[in-house]
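Colleague: A predicted structure for the sequence below; I have some questions about it.
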Amino acid sequence: MNDFSELESELKKLRPSQPSEALKARIDRALNESPPTVTAGVVPRRSRFQFTWSSLGLGLTAVAAVVLFVFVRVDRPAKKPSTESITTAAITPSAVAPAQLIPTGLTRVVYHTRDEGLHFRSGVEQPMRRTRSLTHETVVWRNPTTGASLRVSYPSEEVSLTPVSGQ
């Protein structure tokens, strides 16, 4: 039943041939001429640190750049908040009580929006797409007479339903 039985019987009859005398002589001569050298597993070591003038120059340049960056940032006067982003009516400092804070800014950052797919509400034929947004809002109040400011941050979540037309 086995198709390879003839091939297997031929392979069992095969025997390796004897090496020639010339090959034996070359092997004998190579073994007697030079001592064996170990090459497997030997990796040349790299030097850990090699001092060069270019490495010293690059290091000093990096330090000088950091120092200049720090001094430029420290010496620059702080920017005053722009009043263009305020949505409230313009209020003059003389009309504000000394302990009164007025809103000066609002920042809203949406950091995650997820589409939750189609939803079918009972009694409504049209499907609605539901999206959920996670936001972080920061409101800043400032007293113009004293310069005191108050900053309040809070997370919020908004779910919106948008009608979807199938046509």
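Modeller: Structure's in. What do you need?
Colleague: what's the single longest helix in the protein?
Modeller: Counting residues, the longest helix found in the chain (DSSP state H) is helix 53-75.
Colleague: And the next helix or strand past it?
Modeller: Counting by DSSP states H and E, the element after helix 53-75 in chain order, helix or strand, is strand 102-119.
Colleague: tilt between the helix or strand that that next one is followed by and strand 102-119?
Modeller: Going down the chain from strand 102-119, the next helix or strand is strand 128-142, by DSSP H and E. Orientation check (axes from the mean of the first three to the mean of the last three C-alpha atoms, to 10 degrees): strand 128-142 against strand 102-119 gives 170 degrees.
Colleague: Which elements pack onto strand 128-142?
Modeller: Contacts defined by 3 or more C-beta pairs under 8 Å, 6 or more residues apart in numbering; DSSP states H and E place strand 128-142 against strand 102-119, strand 149-163. No exception for glycine: its C-beta is placed from N, CA and C like everyone else's.
Colleague: got a markdown table for the ones you listed, with mean neighbour count and distance to E33 too?
Modeller: A markdown table is the format used below for the helices and strands packed on strand 128-142 (neighbours: other C-beta atoms under 10 Å; distance: least, C-beta to C-beta, whole Å):
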| stretch | mean neighbour count | distance to E33 |
| --- | --- | --- |
| strand 102-119 | 12 | 75 |
| strand 149-163 | 11 | 81 |
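Colleague: Rebuild these as CSV, extending it with distance to L60.
Modeller: Listed next are the helices and strands packed on strand 128-142 as CSV, based on distance: least, C-beta to C-beta, whole Å:
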stretch, distance to L60
strand 102-119, 40
strand 149-163, 41
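Colleague: Right, I'll call it a day here.
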